[in-house]
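S.K.: 3D model of this:
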Amino acid sequence: MAKKNENTLSAMQKKAANKICLICDKEFTSEDISQNLFIYVKAKSGKDNFIHNRCMKQEVRFGWENRMI
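M.R.: Sure, this is the predicted structure:
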């Protein structure tokens, strides 16, 4: 089996290039993309949404804090 070249991006990484995070409205950096620091979410409308891992963690934490009040 051939070794995967480290410079080769997966199809999902290519999709994330030049996209904007749904939560923080910031563009994904090349570091975010190369290290897979994003989450892909497909909306019911068929739209592809990408979210930074750190933004998703913050949203989840915020949601749990609100439930505990």
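S.K.: quick check: phi and psi on residue 40?
M.R.: Taking degrees, to the nearest 10, you get phi -100, psi 130 for the backbone angles of residue 40.
S.K.: burial check on it, number of neighbours?
M.R.: 13 (other CB atoms under 10 Å). For the C-beta atoms, the positions are set from N, CA and C on the backbone; glycine is no exception.
S.K.: and it, how close does it get to residue 28?
M.R.: 11 Å (CB to CB, to the nearest Å).
S.K.: please apply the same query to residue 67.
M.R.: For residue 67, the distance to residue 28 - CB to CB - is 30 Å.
S.K.: who touches both of residue 40 and residue 28?
M.R.: 16, 50 (CB atoms under 8 Å, 6 or more residues apart in numbering).
S.K.: residue 26 versus the residue nearest the centre of the chain, what's the distance?
M.R.: Nearest residue to the geometric centre of the chain (CA atoms, centre = their mean): residue 38, 2.1 Å. Going from residue 38 to residue 26 by CB to CB gives 11 Å.
S.K.: overlap of the contact sets of the two?
M.R.: residue 52.
S.K.: quick one, strands of the chain?
M.R.: 38-42, 48-52 (DSSP state E).
S.K.: dump those into TSV; add distance to residue 22 and mean pLDDT as well.
M.R.: Putting the strands of the chain into TSV (distance: least, CB to CB, whole Å; pLDDT from 0 to 100) gives the following:
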stretch	distance to residue 22	mean pLDDT
strand 38-42	7	92
strand 48-52	5	93
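S.K.: surely the residue nearest to the centre of the chain meets residue 51?
M.R.: Yes. Judged on CB atoms under 8 Å, residue 38 makes contact with residue 51 at a distance of 6.5 Å.
S.K.: show me the common contact partners of these two, please.
M.R.: Common neighbours of residue 38 and residue 51 (CB under 8 Å, 6+ apart) are residue 21.
S.K.: no further questions, thank you.
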